[in-house]
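# predicted model, plus sequence, below.
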Amino acid sequence: MGVDSSFGLDLMHLIQAATAAGPATAAVPGAKLIEEHLAVQTIIRSYQVRGHLVARLDPLEIVDKSNNLREIVYGRYLGEAAMLIPTSHHLSFITGIPDMNKVFRLPRTTYIGGDQTELPLREIINRLENAYCKSIGVEYMFINSLNKCDWLRKRFETPGVVNLTKEEKRLLLQRLIRSSKFEEYLAKKWSSEKRFGLEGCDVLIPAMKTVVDVSAGLGVDSFIIGMPHRGRLNVLANVCRKPLSEIFCQFDPSLEAADEGSGDVKYHLGMSNRRLNHATGKEINLAICANPSHLEAVDPVCQGKTKAEQFYR
């Protein structure tokens with residue numbers, strides 16, 4: 001296989017240009033500067049890999065009160081490797097860089113800079129703490145797909161990505177109140193009835209409704225949901241908008257169905273409802289598949305129903 005003669009001429013021109021330019025040793029940074037930049041990259045990587053281990057997921061501060069977070073939690077699982085976990089109390093040990101105001105160029109493996117390519121070390125640490133060590137932790141670096149890791153990293157690290165408007169906060173609060181008050185009413189009215197409530201995970205309702213709103217805005221008009229017993233009644237009431245009278249009557253033992261139904265319990269039942277999505281002004285179809293006591297049995301049912309709708313629509 002021959003090589004085009006123009007390739008040799010181009011290569012000769014490159015060699016001549018490099019020779020004329022001379023050595024560029026003066027532009028090479030010092031060894032200490034390189035080591036410090038590598039240390040900063042190691043810090044960023046450490047937060048991305050282990051930051052979730054020091055996220056504030058203990059609202060009662062049972063562990064934090066002891067002030068021995070590292071020894072009690074991390075030393076138990078990681079041993080000597082616990083010293084590599086980022087905490088704001090051990091920054092000088094981790095970095096070895098005495099000047100926290102020194103500016104460093106950010107690597108391509110992080111989005112904490114936003115539009116900025118350089119940040120002081122103190123600001124780098126603060127942004128990493130805000131991204132990985134607040135009330136939400138994310139463990140994702142075990143994912144083999146670089147694109148998936150990068151997708152998650154961008155949405156956690158980009159400054160201001162979770163800033164909400166006053167209207168958005170008010171809407172989330174309203175949905176959270178509906179979720180918690182629904183469970184509170186059932187617990188007070190039928191305290192001895194089995195219902196598999198959503199207490200402790202009330203945020204599921206505003207989260208699901210946000211997913212529906214965003215998806216509907218992107219053109220999705222049909223949602224098929226498969227889920228276990230826990231929180232099903234709340235999802236039926238506040239996401240699919242099943243009439244509350246139909247849910248409450250199932251708690252009354254004196255009421256019997258007029259027709260011969262399956263006799264299944266209330267937290268196994270599903271429904272399908274077509275309603276208006278207020279965020280987009282479009283009608284959407286929401287369906288929750290009925291689920292038996294065998295929790296994962298609903299998975300192939302949802303897949304088959306989704307495939308059928310994709311085919312016939």
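All right, it came through fine. Residues are numbered from 1 along each chain as shown.

# from the contact counts, what lies against the lengthiest helix in the chain?
In the chain, assigned by DSSP state H, the helix with the most residues is helix 166-189. If contacts are counted by 3 or more C-beta pairs under 8 Å, 6 or more residues apart in numbering; DSSP states H and E, helix 166-189 sits against helix 204-217, helix 232-238. Heads up, the C-betas are built off the backbone N, CA and C, glycines and all.

# what's the most buried one of the ones you listed?
Neighbour counts (mean count of other C-beta atoms under 10 Å) averaged over each of those peak at helix 232-238, with a mean of 23.

# just how off-centre is that one within its chain?
22 Å (C-alpha atoms, centre = their mean, to the nearest Å).

# so what touches the longest helix of the chain?
164, 193, 195, 197-199, 202-206, 209-210, 233-234, 237-238, 248, 251 (C-beta atoms under 8 Å, 6 or more residues apart in numbering).

# quick one: average pLDDT of stretch 61-69?
Taken as a whole, stretch 61-69 has a mean pLDDT of 56.

# and if you look at stretch 225-244?
Mean pLDDT, stretch 225-244: 91.

# mind saving the C-alpha coords of that stretch as PDB?
Taking C-alpha atoms only, stretch 225-244 is exported to PDB below (Å, rounded to 0.1, in the frame of the first residue of the first chain):
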ATOM      1  CA  ILE A 225     -46.000   2.000  36.400                       C
ATOM      2  CA  GLY A 226     -45.000  -1.200  38.200                       C
ATOM      3  CA  MET A 227     -44.400  -1.000  42.000                       C
ATOM      4  CA  PRO A 228     -44.700  -3.100  45.200                       C
ATOM      5  CA  HIS A 229     -47.200  -2.600  48.000                       C
ATOM      6  CA  ARG A 230     -45.300   0.100  49.900                       C
ATOM      7  CA  GLY A 231     -46.800   3.500  49.000                       C
ATOM      8  CA  ARG A 232     -49.100   2.100  46.400                       C
ATOM      9  CA  LEU A 233     -52.200   3.700  47.900                       C
ATOM     10  CA  ASN A 234     -50.500   7.100  48.000                       C
ATOM     11  CA  VAL A 235     -49.400   6.800  44.400                       C
ATOM     12  CA  LEU A 236     -52.900   5.800  43.300                       C
ATOM     13  CA  ALA A 237     -54.400   8.800  45.200                       C
ATOM     14  CA  ASN A 238     -51.900  11.600  44.400                       C
ATOM     15  CA  VAL A 239     -50.200  10.600  41.200                       C
ATOM     16  CA  CYS A 240     -53.000   8.700  39.300                       C
ATOM     17  CA  ARG A 241     -55.700  10.700  41.100                       C
ATOM     18  CA  LYS A 242     -57.900   7.700  42.000                       C
ATOM     19  CA  PRO A 243     -61.000   9.100  43.700                       C
ATOM     20  CA  LEU A 244     -60.400   9.100  47.500                       C
END
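
# which ones are touching residue 41?
Contact partners of residue 41, counting by C-beta under 8 Å, 6+ apart, are 107, 109.

# surely residue 124 is in contact with residue 42?
No - contact criterion C-beta atoms under 8 Å: residue 124 and residue 42 do not qualify, at 11.9 Å.

# comparing the two, which shows the higher neighbour count?
More crowded of residue 124 and residue 42, by other C-beta atoms under 10 Å: residue 124, with 23 against 14.

# low-confidence ranges, the stretch 51-200 of the chain, go.
Low-confidence segments of the stretch 51-200 of the chain (pLDDT under 70): 63-98.

# the strands in it, which residues?
Counting by DSSP state E, counting those that start in this stretch, the stretch 51-200 of the chain has strands at residues 103-105, 118-120.
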